[in-house]
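> attaching a predicted model along with its sequence, questions to come.
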Protein chains: 2
Amino acid sequence: MKTIESLSADEERAAAIFRALGNPARVRIVTELARRDACVTGELVGVLPLAQSTVSQHLKVLKEAGIVSGPVDGANPCYCLNPEAVRWLVEFCNQVCCPRCAPGAEAAAACACEQR
Amino acid sequence: MKTIESLSADEERAAAIFRALGNPARVRIVTELARRDACVTGELVGVLPLAQSTVSQHLKVLKEAGIVSGPVDGANPCYCLNPEAVRWLVEFCNQVCCPRCAPGAEAAAACACEQR
DNA sequence: CCCTTGAATCGGAAAAATACGATATACTGC
DNA sequence: GCAGTATATCGTATTTTTCCGATTCAAGGG
């Protein structure tokens, strides 16, 4: 993938987070983590039809993107969802698409040209 | 990538949209489309340091994910941002992470376990 | 100290994404 | 009809992702 020098820092961060979330297994992990307050990896392996090493890799990707934090090593290894990252992403979407995508902006939603 | 049969339709749709947005060039295209009301491909080629055929491919990916619509063929080929898709994605994020990620949920944001 | 258990990392195979140039297609204007 | 311009598609080389089994590492129990 080519680097685009004209990209803003926000755009790059958004792309990185989107990319990390752009996999069904990782979306599933995030929804599982959100459902509970914390999660050991082993439970996730039970939920997903993937090998333990693969789940571990997915967790690493999510962690590097800042979407999850952990694990705390020691007695209770645990991965946690980082709500700040999700909130940031939602905010980015709203900023970028504002005012056409903001909730309540339905009136302005129609495109200027006819849709195919 | 393995198909995960236990995945809900929403989770799959979210993953597909995230994946489509998970590329710097495509984020840039979306922000450009959001900035204007419509955009012919040519202008985007000028904005991005990529070949015309590559930009066309990116537009195709975004279109297949339902993020942009168009082009209307004829005199004024135009691609438009589909605000509904972005709104749906924001809503998905809020639903999944609710109540821990919803705006104003800062009090509940701290994870149950210590962060590394 | 050794053994079990759970998670991370390594090595590598297969599949998918990314990018480009070349080519095809569609529309405009002469 | 023909030329010119703009966009889409094809073929393909390269890179990246995805996944697994095997191995390593760390903690705890006997």
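Perfect, thanks for sending it.

> low-confidence stretches in chain A?
Filtered on pLDDT under 70, chain A yields the residue ranges A:72-77, A:98-116.

> switch the cut-off to 90
A:1-10, A:34-44, A:46-47, A:69-84, A:94-116 (pLDDT under 90).

> and the residue nearest the centre of it?
The centre of chain A sits closest to A:Leu21, judged by C-alpha atoms, centre = their mean, with a distance of 4.1 Å.

> what's near enough to touch that one?
Contact analysis of A:Leu21 by C-beta atoms under 8 Å, 6 or more residues apart in numbering or on different chains lists A:27, A:30, A:65, A:67, B:14-15, B:18, B:22. The way it works is simple: take the backbone N, C-alpha and C, and place the C-beta from them, glycine included.

> those residues in helices, which ones?
A:27, A:30, B:14-15, B:18 (DSSP state H).

> how far away is A:Thr3 from A:Ala15?
Computed as C-beta to C-beta, to the nearest Å, the A:Thr3 to A:Ala15 distance reads 11 Å.

> looking at the two, which is more packed in?
The neighbour count for A:Thr3 versus A:Ala15, taken as other C-beta atoms under 10 Å in any protein chain shown, is higher for A:Ala15 (21 against 8).

> how about the more buried one, what does it touch?
Contacts for A:Ala15 (C-beta under 8 Å, 6+ apart) come out as A:7, B:21-24, B:26-27.

> that older thread, now, the most widely separated pair of the contacts of A:Leu21?
Maximum pairwise distance among these (C-beta to C-beta): 15.3 Å, between A:Ala65 and B:Ala14.

> who has more neighbours, those two?
Each of A:Ala65 and B:Ala14 has its neighbours counted (other C-beta under 10 Å); B:Ala14 has more, 24 against 19.

> ok, the more buried one touching A:Val27?
Yes. Using C-beta atoms under 8 Å, B:Ala14 makes contact with A:Val27 at a distance of 5.6 Å.

> same for the lengthiest helix in chain A, what does it pack against?
If you go by DSSP H, chain A has its longest helix at helix A:83-97. Helix A:83-97 sits against helix A:9-21, helix B:24-35, helix B:83-97, with contacts defined as 3 or more C-beta pairs under 8 Å, 6 or more residues apart in numbering or on different chains; DSSP states H and E.
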